[in-house]
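J.: Structure, please.
(2 chains)
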There are 2 protein chains.
Amino acid sequence: MLVLITYDVNTETAAGKTRLRKVAKQCVNYGTRVQNSVFECIVDNAQCVMLKAVLKDLIDVNVDSLRFYYLGNKHDTKVEHFGVEKGVNVEKPLIF
Amino acid sequence: MLVLITYDVNTETAAGKTRLRKVAKQCVNYGTRVQNSVFECIVDNAQCVMLKAVLKDLIDVNVDSLRFYYLGNKHDTKVEHFGVEKGVNVEKPLIF
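T.: Below you'll find the model as predicted:
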């Protein structure tokens, strides 16, 4: 299923930047960084539980905000993009 | 239906900050700013088309990125939050 993860963190501090980098590192194991702090991850239920636990450990719950949106398996028509692109669709094959 | 709007803009420039402010102003007409550049809007199809047109006009398509996620009408179980809260659920009554 597609899980959208949005992470609000103050990147004006070095610690905030580091936390964003760590969160991004975990998320890109399962998908794409579509915006600076927005990640689209393709996970099954077990992976989702694991990823959630890891991310909750990485963030500072007193200042950061982390949101998960569950978009299910049929998500092709549920997303629309405008402006500059960031990231690649991990489910589509890369053709060279 | 719930439409999630995520907006990636460089807020280190004054122009970027202004664009974010303008996008936020439009989005909060229909919902909540749940993170600094993430908005949850409750709209019908016509409102959605209109909001999309307005936002596309506000952003700089050469540097910004704007994404729409369509979460439908049954969205209560599709969202999970951790960390500090931002915003209020516009569909829930405010009790004083």
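J.: what number of residues lie near the closest residue to residue A:11 other than its chain neighbours?
T.: Residue nearest to residue A:11 in three dimensions, not counting chain neighbours: residue A:17, with 5.1 Å by Cβ to Cβ, 6 or more residues apart in numbering or on different chains. C-beta: built from backbone N, CA, C; applies to glycine. The tally of other residues near residue A:17 (other Cβ atoms under 10 Å in any protein chain shown) stands at 13.
J.: Tell me if I'm right that residue A:17 and residue A:24 touch.
T.: No - if you go by Cβ atoms under 8 Å, residue A:17 and residue A:24 don't touch, sitting 10.5 Å apart.
J.: pLDDT score for the residue nearest to residue A:11?
T.: For residue A:17, the model assigns a pLDDT of 93.
J.: which element is it on?
T.: Assigning secondary structure by DSSP states H and E places residue A:17 in helix A:14-27.
J.: Now do that helix: distance to the chain's middle.
T.: 11 Å (Cα atoms, centre = their mean, to the nearest Å).
J.: Run through the helices of chain A in chain order.
T.: A:14-27, A:45-58 (DSSP state H).
J.: and the helix holding residue A:17, which residues are buried?
T.: Across helix A:14-27, burial judged by 16 or more other Cβ atoms under 10 Å in any protein chain shown covers A:19-20, A:23, A:26-27.
J.: Next, the residues that contact that helix from outside, please.
T.: With contact meaning Cβ atoms under 8 Å, 6 or more residues apart in numbering or on different chains, helix A:14-27 is reached by A:5, A:7, A:9-11, A:33, A:36-37, A:39, A:41, A:51, A:54-55, A:58-60, A:63-64, A:66.
J.: Now do that helix against helix A:45-58, angle only.
T.: Helix A:14-27 and helix A:45-58 are oriented at 170 degrees to each other (axes from the mean of the first three to the mean of the last three Cα atoms, to 10 degrees).
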